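>>> After the sequence you'll find the predicted model.
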Amino acid sequence: MQTYRLEGSGGAECLVMRDEAQPKPKPHEIVVRIRATSLNRRDTMILNGTYPLPPRQGVVPLSDGAGEIVAIGDAVTRFAVGDRVTGSYFARWIDGRINAGLIDQLGCTLDGMLTEYAVLDEQWAVRLPDHLDWQEAATLTCAGLTAWNAVTGARIPTPGQWVLVIGSGGVALFALQFAKLLGCRVVAVTSRGEKADRLRALGADLVISTSDMPQWGATVRDQTGGIDLVVETGGPATFAQSLISSTLYGHIVLLTLQDAKGGSIQMPTALYQRSLATISRLFVGSRTNLEAMLRAISQHRLRPVIDKVFAFTEASDAYHYFQQGDVFGKVIVDGA
């Protein structure tokens with residue numbers, strides 16, 4: 001079989017394709033024929049050696065992928081051959097709160113999905129909604145679940161409340177779609193005015209172009225009465241404006257602490273002194289969270305947004321394309 005491995009860190013030259021023997025499952029394992037995978041920002045950080053969790057040398061990259069089970073171990077009870085599945089990002093985190101013993105991640109400390117056949121413990125996988133094709137189904141593990149937990153976490157917004165999303169990457173677009181499922185109104189902030197119509201087509205009630213309005217926070221607050229939930233993916237460039245845009249008791253889910261150049265968020269103390277907003281963090285989610293998200297996606301027949309698809313042999317090109325940043329939705333690498 002064909003598989004990619006990360007041999008070293010420091011760029012795309014570390015991504016190496018290998019021919020390997022097709023794996024056989026141990027008693028509690030499943031073997032999945034991977035039909036599509038997708039990229040997330042953490043994958044580029046792992047490739048470049050800037051991810052806070054050190055990857056295992058020679059690991060198969062990418063947390064997100066989808067395929068059908070082609071073999072199961074003798075003791076497997078959760079799945080059968082032919083089931084369509086994806087993996088859980090923190091493979092060992094089933095439910096409850098995360099702890100230090102549950103930090104293993106697919107595509108980082110555990111072999112991931114950029115391979116022809118992936119081996120997973122049966123507890124690391126979940127069934128996929130029937131209405132999704134392989135490329136759509138490959139987008140859910142990281143960006144999808146991060147957005148789901150950002151929107152439906154401890155303070156779920158109620159119908160009519162305002163949610164703000166930033167950019168047009170996977171997390172932002174999933175968050176927009178999930179917020180609309182909950183009956184919320186959505187402000188979408190983008191650096192590219194030409195994306196406004198596409199964001200409105202996904203349900204955005206108000207679109208703000210930062211190229212036209214770099215200091216957008218006060219305008220958003222004035223036009224909405226204040227944002228109830230910010231899904232903050234912009235980091236240092238947008239955090240202050242997100243705070244300005246929020247209601248007095250708003251909630252900001254902070255997903256990005258640094259920008260691509262290594263700059264960090266600096267707390268705007270004077271602004272925060274006038275606010276009672278809650279600022280929280282999250283790390284993707286558990287398998288139970290993933291299963292809840294997939295039930296909602298299935299019930300509402302939600303379809304993820306795909307930007308561009310690359311062939312399996314073009315994985316390096318997919319990384320380069322993703323890193324340039326001007327995407328609208330998910331970047332896909334098809335199966336081998």
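Cool, the structure landed.
>>> Every contact and neighbour count from this point should use C-alpha atoms.
Will do.
>>> by contact count, what packs against the host helix or strand of residue 150?
Assigning secondary structure by DSSP states H and E places residue 150 in helix 145-151. Other elements packing on helix 145-151 under the criterion 3 or more CA pairs under 8 Å, 6 or more residues apart in numbering; DSSP states H and E are helix 170-181, strand 227-232, helix 287-300.
>>> So which of those is nearest residue 265?
When those are compared by CA to CA, strand 227-232 sits nearest residue 265, at 11.4 Å.
>>> Pull the residues that contact that closest one.
147, 150-151, 157, 161-166, 172, 175, 220-221, 238-239, 242, 245-247, 249-256 (CA atoms under 8 Å, 6 or more residues apart in numbering).
>>> try it again with 6 Å
Under the contact criterion CA atoms under 6 Å, 6 or more residues apart in numbering, strand 227-232 has outside partners 162-165, 245-247, 250-255.
>>> and these, which of them are in strands?
162-165, 246-247, 250-254 (DSSP state E).
>>> pull the helix or strand with minimum mean pLDDT from the chain.
When each helix and strand of the chain is scored by mean pLDDT, DSSP states H and E, helix 269-272 comes last, with a mean of 78.
>>> can you list the domain ranges for the chain.
2-142+284-334, 154-280 (automatic domain parsing).
>>> got those domains as JSON lines, with mean neighbour count columns?
Output for the domains of the chain, formatted as JSON lines (neighbours: other CA atoms under 10 Å):
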{"stretch": "domain 2-142+284-334", "mean neighbour count": "20"}
{"stretch": "domain 154-280", "mean neighbour count": "19"}
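>>> and those, which one's lowest on average pLDDT?
When these are compared by mean pLDDT, domain 154-280 comes last with a mean of 92.
>>> picking that back up, CA-only coordinates of the helix holding residue 150, as CSV, when you get a sec.
Extracted in CSV, the C-alpha atoms of helix 145-151 (Å, rounded to 0.1, in the frame of the first residue of the first chain):
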residue,chain,number,x,y,z
LEU,A,145,-15.8,19.2,15.9
THR,A,146,-13.9,22.3,17.0
ALA,A,147,-16.6,24.5,15.6
TRP,A,148,-19.4,22.3,17.0
ASN,A,149,-18.0,22.6,20.5
ALA,A,150,-17.3,26.3,20.2
VAL,A,151,-21.0,26.9,19.3
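>>> What lies in contact with that helix?
Contacts of helix 145-151 (CA under 6 Å, 6+ apart): 171, 174-175, 284.
>>> picking that back up, right, so of the helices and strands packed on helix 145-151, which gets closest to residue 334?
The nearest among those, by CA to CA, is helix 170-181 at 17.2 Å.
>>> Could you figure out how far that closest one is turned away from strand 162-166?
160 degrees (axes from the mean of the first three to the mean of the last three CA atoms, to 10 degrees).
>>> So what are the sheet partners of whichever helix or strand comes after helix 170-181 and their directions?
Per DSSP H and E, the first helix or strand lying C-terminal to helix 170-181 is strand 185-190. Using DSSP bridges, the strands paired with strand 185-190 are strand 162-166 (parallel), strand 206-209 (parallel).
>>> right, and residue 14 touches residue 4 too?
No: with contact defined as CA atoms under 6 Å, residue 14 does not reach residue 4; the gap is 9.8 Å.
>>> in the stretch 1-150 of the chain, which spans are strands?
2-6, 15-19, 29-38, 64-72, 84-87, 117-121, 125-127 (DSSP state E, counting those that start in this stretch).
>>> Of those, which is nearest residue 108?
So among the strands of the stretch 1-150 of the chain, strand 2-6 is nearest, using CA to CA, at 9.5 Å.
>>> That closest one packs against which elements?
strand 15-19 (3 or more CA pairs under 6 Å, 6 or more residues apart in numbering; DSSP states H and E).
>>> which helices and strands sit right next to the strand it packs on?
By 3+ CA pairs under 6 Å, 6+ apart, strand 15-19 packs against strand 2-6.
>>> Might you calculate how far the strand it packs on sits from the centre of the chain?
22 Å (CA atoms, centre = their mean, to the nearest Å).
>>> Next, the angle from that strand to strand 15-19.
Using the same axes, to 10 degrees: strand 2-6 against strand 15-19 is 150 degrees.
>>> Run through who's touching strand 2-6.
14-19, 58-60, 114-116.
>>> Residue 1 is in contact with residue 23, isn't it?
No: using CA under 6 Å, residue 1 is not in contact with residue 23; the gap is 8.8 Å.
>>> now the strands paired with strand 185-190 as TSV including distance to residue 30?
Output for the strands paired with strand 185-190, formatted as TSV (distance: least, CA to CA, whole Å):
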stretch	distance to residue 30
strand 162-166	37
strand 206-209	44
